[in-house]
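Undergrad: no letters, just coordinates:
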């Protein structure tokens, strides 16, 4: 296993971790500067942040710092209420692929979506349909369509299996095994065009995790995300802990991932409305760097 | 599939659903009366309620109403910080088996436990250990030991796979497949002594659900629990919805369960601190009966 205690070579910061600092939204350009100042060599930004900062301007800023993208957040959200919605999702994913390419990202992360309308507050918890098999089928077809374009462009797609507690509203791919089954169906040759973003937060509980990581291998492990599981967890989306402050066996999982051939970034992605998003960026980044070296 | 619209023959009320009424704790004897008055033929009570009401007194009251127990809540919580803790858990499970027998329950439900100390508020989210494989091993050994005694007594044990969001603190058995693997290892003859309590809340998201229900078959399906998944879910433990108010495909899952041979009770178990526990028992039981007949 790689020694992370000597430098921060393989640390990446998902910008969701520091997009809110002391409760206020921080522009992407500022986040990039904060990371560059500390010698952090990679980030993973979100589409809305890039749109606000400007795609070309962001690409230039990243190049000027020699900063890599461990991934780009995010494509996906394929299921829709009707055919027009399905087409719109495919179009949007093509744009996401183009943006990821312009930014030279290692992969486009796919949060695949689930019951359409589930996140629409105006629908009061009543999605357009509740047929989970249909959502999964629409996701499969959507990834197949995106993959065709992504292959042309040369942008790997990384499906992110999300925790089952987000199965209704954010992603109906909920285990690594399920994601790998889709990879095997759509990319049997293991070309590197399709794989997974493995986030410990979503998969740490899985009794089949070690075996499925070994199955994934280097060809499918396109991104690796770290944070921790807080006890108690007070919110299903935004109560992640800093690495070392929860119960996830981070060293054990990284050992499995590296034994399978993964040699990329450990990307810190912490949604923490009640804690880290209330702190200064300096404090949060210092904690990321310290914990990367000591517990990841 | 059985027709539930004509009568309430197969409705059971888990007493957690109505143990709080208008915010106040209600004694078990009163809950039993409320159910009996409405022609409800089965309940599933909790150990602390039975202890407070008296075991013999409760058994007599149930007999006088001809009321069955679809299950008894609950055994389990095997993992412990040390050998003394492990022994204490086994002793406690023997008592739970005896109580279940005295009450003539269909099965003892096992919420198997996970990282020891995780629910202890004084430990501030730091369990005695975080080795999930160790917890799973202690659960396996614990069930094996309980099963030996349960076979002598003649009380089936029903492991309940819990939702992965409860993997750290309540149960490290988190999928039906994982539970059935344990059943196959400890009870290869499918004697009926060991099986599962299938709660739709915990398993509805599982991409392997249909296949694993078919695998379980009649011999392993010892209990079936219903409620619904609320969007958004505001709490990881106590924000379940009434059947029909969420996104779980209840009819589809019952079809799978009955096709596998299950012919027992649909037990309504709703932890709902913000909603149903604030209402009257009459209102909650009326809703259970109505939804049992229309959407379960």
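TA: Structure's in. What do you need? This is a predicted model, so every value here is computed, not measured.
Undergrad: so what's the residue count around residue A:35?
TA: By other Cβ atoms under 10 Å in any protein chain shown, 23 other residues sit near residue A:35. Every C-beta, even on glycine, is put in place using the N, C-alpha and C of the backbone.
Undergrad: mind listing the strands for the stretch 51-200 of chain A?
TA: A:68-69, A:72-76, A:108-111, A:157-159, A:194-199 (DSSP state E, counting those that start in this stretch).
Undergrad: with distance to residue B:275 and mean pLDDT added, can I get the ones you listed in TSV?
TA: Below are the strands of the stretch 51-200 of chain A laid out as TSV (distance: least, Cβ to Cβ, whole Å; pLDDT from 0 to 100):
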stretch	distance to residue B:275	mean pLDDT
strand A:68-69	44	98
strand A:72-76	32	98
strand A:108-111	29	98
strand A:157-159	35	99
strand A:194-199	31	99
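Undergrad: would you turn the ones you listed into JSON lines with mean neighbour count and distance to residue A:288?
TA: Listed next are the strands of the stretch 51-200 of chain A as JSON lines, based on neighbours: other Cβ atoms under 10 Å in any protein chain shown; distance: least, Cβ to Cβ, whole Å:
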{"stretch": "strand A:68-69", "mean neighbour count": "20", "distance to residue A:288": "16"}
{"stretch": "strand A:72-76", "mean neighbour count": "27", "distance to residue A:288": "17"}
{"stretch": "strand A:108-111", "mean neighbour count": "27", "distance to residue A:288": "19"}
{"stretch": "strand A:157-159", "mean neighbour count": "28", "distance to residue A:288": "21"}
{"stretch": "strand A:194-199", "mean neighbour count": "27", "distance to residue A:288": "15"}
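Undergrad: would CSV of those strands with distance to chain B be doable?
TA: Shown next, in CSV, are the strands of the stretch 51-200 of chain A (distance: least, Cβ to the nearest Cβ, whole Å):
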stretch, distance to chain B
strand A:68-69, 30
strand A:72-76, 17
strand A:108-111, 15
strand A:157-159, 13
strand A:194-199, 13
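Undergrad: quick one, longest helix in chain A?
TA: Secondary structure of chain A per DSSP state H: the longest helix is helix A:132-153.
Undergrad: counting neighbours, which bits of that helix end up buried?
TA: Neighbour counts over helix A:132-153 (16 or more other Cβ atoms under 10 Å in any protein chain shown) mark A:132, A:135-136, A:138-140, A:142-143, A:145-147, A:150-151 as buried.
Undergrad: ok, stretch A:249-264 next?
TA: For stretch A:249-264, by 16+ other Cβ under 10 Å, it's A:249-250, A:252-254, A:256-258, A:260, A:262, A:264.
Undergrad: roughly how far out does that stretch sit from the chain middle?
TA: Centre-to-centre, stretch A:249-264 and its host chain are 17 Å apart (Cα atoms, centre = their mean, to the nearest Å).
Undergrad: is it anywhere near chain B?
TA: Yes: Stretch A:249-264 lies within reach of chain B by Cβ under 8 Å from any Cβ of the partner chain, at residue A:249.
Undergrad: average pLDDT for that stretch?
TA: Stretch A:249-264 carries an average pLDDT of 98.
Undergrad: what residues does it touch?
TA: A:1-2, A:10, A:70, A:106, A:198, A:200, A:204, A:209-210, A:213-214, A:216-219, A:221-224, A:226, A:228, A:243-244, A:266, A:295-296, B:130-132 (Cβ atoms under 8 Å, 6 or more residues apart in numbering or on different chains).
Undergrad: any idea how far residue A:154 is from residue A:193?
TA: 9 Å (Cβ to Cβ, to the nearest Å).
Undergrad: quick one: which of those two has more around it?
TA: residue A:193 (20 against 10).
Undergrad: and the more buried one, how close does it get to residue B:21?
TA: 57 Å.
Undergrad: again, but for residue A:296
TA: Residue A:296 is 48 Å from residue B:21, by Cβ to Cβ.
Undergrad: which residues touch the residue nearest to the spatial centre of chain A?
TA: Central residue of chain A (Cα atoms, centre = their mean): residue A:109, 5.3 Å from the mean position. Applying Cβ under 8 Å, 6+ apart, we find residue A:109 in contact with A:44, A:71-76, A:158, A:160, A:197, A:223.
Undergrad: so can I have JSON lines of those residues showing distance to residue B:98?
TA: Below are the contacts of residue A:109 laid out as JSON lines (distance: Cβ to Cβ, whole Å):
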{"residue": "A:44", "distance to residue B:98": "55"}
{"residue": "A:71", "distance to residue B:98": "55"}
{"residue": "A:72", "distance to residue B:98": "59"}
{"residue": "A:73", "distance to residue B:98": "54"}
{"residue": "A:74", "distance to residue B:98": "53"}
{"residue": "A:75", "distance to residue B:98": "56"}
{"residue": "A:76", "distance to residue B:98": "52"}
{"residue": "A:158", "distance to residue B:98": "53"}
{"residue": "A:160", "distance to residue B:98": "47"}
{"residue": "A:197", "distance to residue B:98": "50"}
{"residue": "A:223", "distance to residue B:98": "52"}
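Undergrad: now the two most distant members of those residues.
TA: A:44 and A:76 (14.6 Å; Cβ to Cβ).
Undergrad: quick one, helices of the stretch 1-150 of chain A?
TA: A:28-37, A:47-53, A:55-65, A:83-102, A:132-153 (DSSP state H, counting those that start in this stretch).
Undergrad: now do the closest residue to residue A:115 other than its chain neighbours, the pLDDT please.
TA: Among residues not flanking residue A:115 along the chain, residue A:127 sits closest, at 3.6 Å (Cβ to Cβ, 6 or more residues apart in numbering or on different chains). On the pLDDT scale, residue A:127 is placed at 98.
Undergrad: burial of residue A:211, as a residue count?
TA: That count, for residue A:211 with other Cβ under 10 Å as the rule, works out to 13.
Undergrad: okay, and which of the buried residues of stretch A:249-264 map to strands?
TA: Judged by DSSP state E, the buried residues of stretch A:249-264 include no members of strands.
Undergrad: redo these as CSV? Include distance to residue A:187.
TA: Shown next, in CSV, are the buried residues of stretch A:249-264 (distance: Cβ to Cβ, whole Å):
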residue, distance to residue A:187
A:249, 30
A:250, 29
A:252, 28
A:253, 24
A:254, 25
A:256, 22
A:257, 20
A:258, 22
A:260, 17
A:262, 17
A:264, 18
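Undergrad: could you single out the nearest of these to residue B:174?
TA: residue A:249 (15.3 Å).
Undergrad: please report phi then psi for the closest one.
TA: The phi/psi pair for residue A:249 (degrees, to the nearest 10) reads phi -80, psi 80.
Undergrad: kindly report the same for residue A:280.
TA: Torsion angles, degrees, to the nearest 10, at residue A:280: phi -80, psi 150.
Undergrad: circling back: can you tell if the longest helix of chain A touches chain B?
TA: Yes: counting by Cβ under 8 Å from any Cβ, chain B has neighbours in helix A:132-153: A:132, A:136.
Undergrad: helices or strands up against that helix?
TA: Judged by 3 or more Cβ pairs under 8 Å, 6 or more residues apart in numbering or on different chains; DSSP states H and E, helix A:132-153 is in contact with helix A:83-102, strand A:108-111, strand A:157-159, helix A:176-186.
Undergrad: so which of the ones you listed gets nearest residue A:237?
TA: strand A:108-111 (11.8 Å).
Undergrad: next, count neighbours for the closest residue to chain B within the stretch 1-150 of chain A.
TA: In the stretch 1-150 of chain A, the residue that lies nearest chain B is residue A:125 (3.6 Å; Cβ to the nearest Cβ). Residues lying near residue A:125 (other Cβ under 10 Å) number 19.
Undergrad: that one reaches residue B:228, doesn't it?
TA: No: contact criterion Cβ atoms under 8 Å: residue A:125 and residue B:228 do not qualify, at 10.1 Å.
Undergrad: list the residues that contact both of the two?
TA: Joint contacts of residue A:125 and residue B:228 (Cβ under 8 Å, 6+ apart) are B:245-247.
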